[in-house]
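Any chance you can model this:
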Amino acid sequence: MALLFDPCSHLFPIAFHPIETRMSKSANWFLKTSDVITGPFTATVLRSMAKRGEVVETSEVGQSAEGPWYQAGKVRGLIVEPMDEGVPSFVDESPFEERNRIIDGKAWKEELSAISWKDLFPLASWFRDEPWTLVWVQALVFAFATPLFLLQFFSETELTLTKAAWSFSTYFAVLWGIFLHRLLRPDAIGAKRMLGIWFFTSTLGCIAVLVISEVGTAVPVLNAAIAASNQDESASLITRFFGMTIGVGLIEECVKLFPVFWLVKMSTARTWSRNSVIFMGVVSGLAFGATEAIFYSYQYAEAFANAEFESSIGSYIVIQILRFISLPFLHAVWCGISAYFLALSKASQKGSRVLPLVGLCTVALLHGSYNTFSDSWIGFGVTILSMFIFVGYIRTDFMSVVHRTADVAD
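Next up is the predicted model:
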């Protein structure tokens, strides 16, 4: 049964006017112009007419030929946003018709067509430039690719501690050598001489250290120094410093400087520049440090395997990295300093015996100080001091020192 009356009308005696419902854009629309009604039009057609100017804001449109009529400017989505919420929307606001273009194919196509792919990937230009001939590119590739190459190379064979230690100690030493070569800019020394220094120090030099340490036990003073160098932390500080300076530092620094001394003294037909002599010392120091790192890596690995290592696996990794990276460089710095004094003696022609001895004593003191205090901040300070001295000699006006040395000698 239909409801014929409003049961609450006597309480609110107000005229009731139904609110227009919002129509879908698929509904028909009519246009009224000077009492002339045209239509029906779809929403798309009417919007196109508005774009062409055939429908303006003051035009009257409706969803029925009988009305009601609304100004086009107030119909939402036709021309402008309507000011009157009672006016039906021209746009279908159904939640099922809401759109969100996640991938705008047309926009992507326009952007892709705007890109100059030839300029974005100028492979031909790169090959013409030949970047692989640049020294810094070669050094960068060596630093980056060598560990990856070694990883692939050893994955096909059994990776032993010997292979790993020799490969990576040499790798880091060569890296330091490249860096210091770019810093010092020495004259052309020649690969043959560089390899000769490297193999002499890494083989005969290390053997010489072991022989001297054994034979030296029969030499007065030296035997006391060697014995003191083997003392543990229970020994007095002075005893340990004496042993580390004479029994370790002086012996190792003499061995490292020997091949450089031999080349400089024997090359009577050639005058070596200061930086060339220093760089030869650096190479000898790196060779000794890298070889020493290999021997120590065996001791550390054996102690760790037998649970004799005093600290955690983290400390084991840190000390191995220290041996492979930092300490070879420190050996290079010390030998570079003593090589500076050797170059000074060669250039001044005065004090040719005293100056190399002064240089050896200087680095022996630095070496002994570090070994004595290596487990404290004092040892860290010695490494910084060594670096400061090395850089200072590189930046010193070499010839002014030569002239002053000659004047003092006269």
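
okay, now the domains of the protein?
For the chain, automatic domain parsing gives the domain ranges 29-93, 131-403.

Present the ones you listed as TSV; the columns should include mean pLDDT, mean neighbour count and distance to D104.
For the C-beta atoms, the positions are set from N, CA and C on the backbone; glycine is no exception. Below are the domains of the chain laid out as TSV (pLDDT from 0 to 100; neighbours: other Cβ atoms under 10 Å; distance: least, Cβ to Cβ, whole Å):
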stretch	mean pLDDT	mean neighbour count	distance to D104
domain 29-93	77	16	20
domain 131-403	89	17	38
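
CSV for those domains, including distance to E111?
Output for those, formatted as CSV (distance: least, Cβ to Cβ, whole Å):
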stretch, distance to E111
domain 29-93, 27
domain 131-403, 30
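
Those domains: which one's closest to W108?
Shortest distance between W108 and the domains of the chain, using Cβ to Cβ, is found for domain 29-93: 25.8 Å.

residue ranges of the strands in the stretch 51-200 of the chain, please?
For the stretch 51-200 of the chain, the strands defined by DSSP state E, counting those that start in this stretch cover 60-62, 70-71.

A114: which of the domains of the chain is closest?
Among the domains of the chain, the nearest to A114 by Cβ to Cβ is domain 29-93 (27.3 Å).

quick check, W334 in a helix?
Yes - under DSSP: H, G, I helix; E, B strand; the rest coil, W334 falls within a helix.

Quick one: name whatever helix or strand follows the longest helix along the chain.
Ranked by residue count, the top helix of the chain under DSSP state H comes out as helix 274-305. Counting by DSSP states H and E, the next helix or strand C-terminal to helix 274-305 is helix 313-321.

still on that earlier bit, for R395, find the nearest of the strands of the stretch 51-200 of the chain.
Here strand 70-71 is closest among the strands of the stretch 51-200 of the chain (Cβ to Cβ), at 85.9 Å.

strands paired with the closest one, and their directions?
Strand 70-71 has the following strand partners under DSSP bridges: strand 60-62 (antiparallel).

Determine how far the partner strand lies from the middle of the whole chain.
Relative to its chain's centre, strand 60-62 lies at 70 Å (Cα atoms, centre = their mean, to the nearest Å).

what's in contact with it?
With Cβ atoms under 8 Å, 6 or more residues apart in numbering as the contact definition, strand 60-62 has outside contacts at 29-33, 46, 55, 68-72, 75, 78.

picking that back up, which stretch among the strands of the stretch 51-200 of the chain approaches Y370 most closely?
Taking Cβ to Cβ, strand 70-71 is the member of the strands of the stretch 51-200 of the chain nearest to Y370, at 92.7 Å.

contacting residues for T170?
A290.

if I look at it, how far off is S64?
Note on T170: its distance to S64, by Cβ to Cβ, to the nearest Å, is 93 Å.

what about stretch 288-304, distance to the chain center?
Its chain's average C-alpha position is 27 Å from that of stretch 288-304, according to Cα atoms, centre = their mean.

Sticking with L31, tell me its helix or strand.
Going by DSSP H and E, L31 is part of strand 29-33.

Compute the inter-axis angle for the helix or strand just after that strand and strand 29-33.
Counting by DSSP H and E, the next helix or strand C-terminal to strand 29-33 is strand 36-41. Interaxial angle of strand 36-41 relative to strand 29-33 (axes from the mean of the first three to the mean of the last three Cα atoms, to 10 degrees): 160 degrees.

who does strand 36-41 touch, helix- and strand-wise?
The contact analysis (3 or more Cβ pairs under 8 Å, 6 or more residues apart in numbering; DSSP states H and E) places strand 36-41 against strand 29-33.

hey, C-alpha coordinates of the strand it packs on in CSV?
Extracted C-alpha coordinates of strand 29-33, given in CSV (Å, rounded to 0.1, in the frame of the first residue of the first chain):
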residue,chain,number,x,y,z
TRP,A,29,21.4,16.5,-21.9
PHE,A,30,19.5,19.3,-23.6
LEU,A,31,20.5,22.8,-24.5
LYS,A,32,18.1,25.8,-24.4
THR,A,33,19.0,28.8,-26.5
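
Just say helix, strand or coil for S374.
Three-state call for S374 (three-state DSSP): coil.

Can you pull the phi and psi angles for it?
phi -60, psi -20 (degrees, to the nearest 10).

Point to the residue nearest the middle of this protein.
When Cα atoms, centre = their mean is applied to the chain, the residue found nearest the centroid is F144 (10.2 Å).

Skipping its backbone neighbours, what lies nearest K265 in space?
Of all residues not flanking K265 in the chain, K346 sits nearest, at 7.9 Å (Cβ to Cβ, 6 or more residues apart in numbering).
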